[in-house]
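> coordinates for the following, if possible.
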Amino acid sequence: MRKMPLAIWAMVLGAFAMGADEFIVAGVVREIADALNVSIGAVGHLESVYALGVAIGAPIFTALGTRFGRRSMLLLTTGVFLLGNLLSAAGPGYGAIMMGRVVSAMAHGAFLGIAAVFAAELVDPERKGRAVAVVFSGLTASTILGAPIGAAVGQVLGWRFTFWTLVIFGGLALLGLLAALPRKVEEHGHHDAHVGGEFEGLDAHALAHLGGGGQGPSMREQVAALRRPAVWGALLTTMLGYGGVFTSYVYISPQLTEVTGFDPAWVTPLLLLFGVGLFAGNTLGGRLADRKVMPAVLGTLGALESPCSP
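Next comes the predicted model:
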């Protein structure tokens, strides 16, 4: 079996770093609060502004993508991510760290979308789906390992080293991309460099098809879809579902140690267990949805509700 190009593995590392950045604060909430003399709730806002940064970055990088090729955009987004985490790691106070979170988040969706399309171009047609899946494996791994790594590093070396770890990952990814990304793709990368956060949820085959020259929906078509009640239902379900899960997840570390009485040493393995549960639920949910969508949705909601019942 032929190996994947080195550039794809650099993309995997970048995807892992950006995925880990999203929720890495969850493992060091108490440490940051004590060091900066702010409330735990204020530290939770460092997660909220990450989502804000993703929303801000999407239209900006979409506009830039119409003028620059995919190689340049991939390097730019990785550089922005690196800059944001440098600010978070070395920032003198809460405001600087919050700004760093926004900056690093701006690159998140654009990097993943561009990397998926670029990866599909670096391999033979019959391997496109596999290449895209490999890139997104970095994001999957970050779901399981991101917060536990952050908690472990924070407990041993201090919470700032949690962000320095992301700087190291981002720096290695940038060096790998600089060394391995072919320049020949640059000259014809303009027409679909708009791929950004909008493709983060697509499967490997859909993204690989886009990499082969397919066109995504236009802005007018996307806006028109909002006229359908079913679309709003899906959006609200997703928003409330993810909002509920990750609102509690942000504060899981102090909940474990200060409410349920776990020793701090247990935070890392319990975060790892949570990540494994996310991965297993995502995999199982996808398979169940392929069979019967509504029973899968209702069953999932019931499973979420049952632990909350007295």
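> ranges for the helices of the chain?
6-23, 29-36, 40-65, 70-90, 94-106, 108-121, 128-157, 159-180, 204-211, 219-225, 229-250, 252-254, 267-291, 293-305 (DSSP state H).
> sketch out the low-pLDDT regions of the stretch 51-200 of the chain for me.
184-200 (pLDDT under 70).
> circling back to that earlier point, with distance to Gly261 added, can I get the helices of the chain in CSV?
From N, CA and C alone the C-beta is placed, and that goes for glycine too. As requested, the helices of the chain are arranged in CSV below (distance: least, Cβ to Cβ, whole Å):
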stretch, distance to Gly261
helix 6-23, 23
helix 29-36, 14
helix 40-65, 17
helix 70-90, 31
helix 94-106, 29
helix 108-121, 35
helix 128-157, 17
helix 159-180, 22
helix 204-211, 43
helix 219-225, 48
helix 229-250, 17
helix 252-254, 12
helix 267-291, 12
helix 293-305, 24
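> could you chop this protein up by domain?
6-216, 225-308 (automatic domain parsing).
> just say which of those is most tucked in.
Most buried of the domains of the chain by mean neighbour count (mean count of other Cβ atoms under 10 Å) is domain 6-216; its value is a mean of 20.
> show the contacting residues for Ala7.
By Cβ atoms under 8 Å, 6 or more residues apart in numbering, the residues touching Ala7 are 118-119, 122, 176-177, 180-182.
> what distance do you get for it to Phe136?
Distance, Ala7 to Phe136, by Cβ to Cβ, to the nearest Å: 15 Å.
> same thing with Arg67?
27 Å.
> what do you get for Met18?
Counting by Cβ to Cβ, the gap from Met18 to Phe136 is 12 Å.
> which residues do these two both contact?
Common neighbours of Met18 and Phe136 (criterion: Cβ under 8 Å, 6+ apart): Leu112.
> from the chain's centroid, how far away is stretch 87-98?
Put simply, stretch 87-98 sits 21 Å off its chain's centre (Cα atoms, centre = their mean, to the nearest Å).
> which residues does that stretch contact?
32, 36, 38, 42, 45-46, 49, 99-101, 103-104, 160-161, 163-164, 166-167.
> run the last query once more with 10 Å
21, 24-25, 32-33, 35-38, 42-43, 45-46, 48-50, 52-53, 99-104, 159-168 (Cβ atoms under 10 Å, 6 or more residues apart in numbering).
> got it, and stretch 269-282?
23, 26-27, 140-152, 245, 249, 252-253, 256, 260, 262, 266, 300, 303-304.
> again, 7 Å this time
For stretch 269-282, the surrounding residues in contact (Cβ atoms under 7 Å, 6 or more residues apart in numbering) are 27, 140, 143-145, 147-148, 151, 252, 256, 262.
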